[in-house]
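*Asks:* kindly generate the corresponding structure for this input.
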Amino acid sequence: MPAYRFCPLCASELRWRTELEDGGPKSRLRCSSCDFTHWNNPTPVLAAVVECVDREGQVLLARNAAWPGRLFGLITGFMEAGESPEQGLRREVMEETALQVESLDLIGVYDFQPMNQVIIAYHVAARGEIRLSPELAEAKLLAPQKLKCWPAGTGQALAQWLRSRGIEPQWFEPGPA
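*Replies:* Numbers count the residues shown, from 1 in each chain. The predicted model follows:
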């Protein structure tokens, strides 16, 4: 993620400065002209293990059109201001797949530092005809026993969901893009 270079309030150059905060000294990008601080807090990302209840409980995986290669993952999206994680996930699943969400159950919250994100993952029971948004290049449905998890971010959520169903996760290591 690109770092801010200039203050959004006064356009002065931001500099790394260490200051004493509640938790002790913390180095952040700060403006020496107006005291603006770029907090660089993680972004909340919503993730759905979408179980298609009208397709024998198969799980929907999708490939984002912007991703290189043929990697498939969970349905994900950014939470919008003014919505709860549950509202945001209902919106994302509808926008990206056209599926109707019947229920949501929190799987867990996961740290994804490479993208400065916090992933809030849910099991989503959904039904309907799958129609992918232009954001997604393709999708596939797999029985839970055939799913393979990946080591980072949403792959950990998928593994936890599988374990909650009595299925020991299978793992794969994605290759270079």
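*Asks:* so what's the spatially most central residue of the chain up against?
*Replies:* Geometric centre of the chain, nearest residue: Val45, 3.9 Å, by C-alpha atoms, centre = their mean. By C-beta atoms under 8 Å, 6 or more residues apart in numbering, Val45 lies in contact with Thr76, Gly77, Phe78, Met79, Phe112, Met115, Gln117, Val118, Ile119, Ile120. Glycine gets a C-beta too; all of them are placed from N, C-alpha and C.
*Asks:* can you name the element that comes right after the one helix or strand it maps to?
*Replies:* Val45 belongs to strand 43-52 when assigned by DSSP states H and E. Counting by DSSP H and E, the element after strand 43-52 in chain order, helix or strand, is strand 58-64.
*Asks:* what helices and strands are in contact with the helix or strand that that next one is followed by?
*Replies:* Next along the chain after strand 58-64, taking DSSP H and E as the criterion, comes strand 75-78. The contact analysis (3 or more C-beta pairs under 8 Å, 6 or more residues apart in numbering; DSSP states H and E) places strand 75-78 against strand 43-52, helix 85-97.
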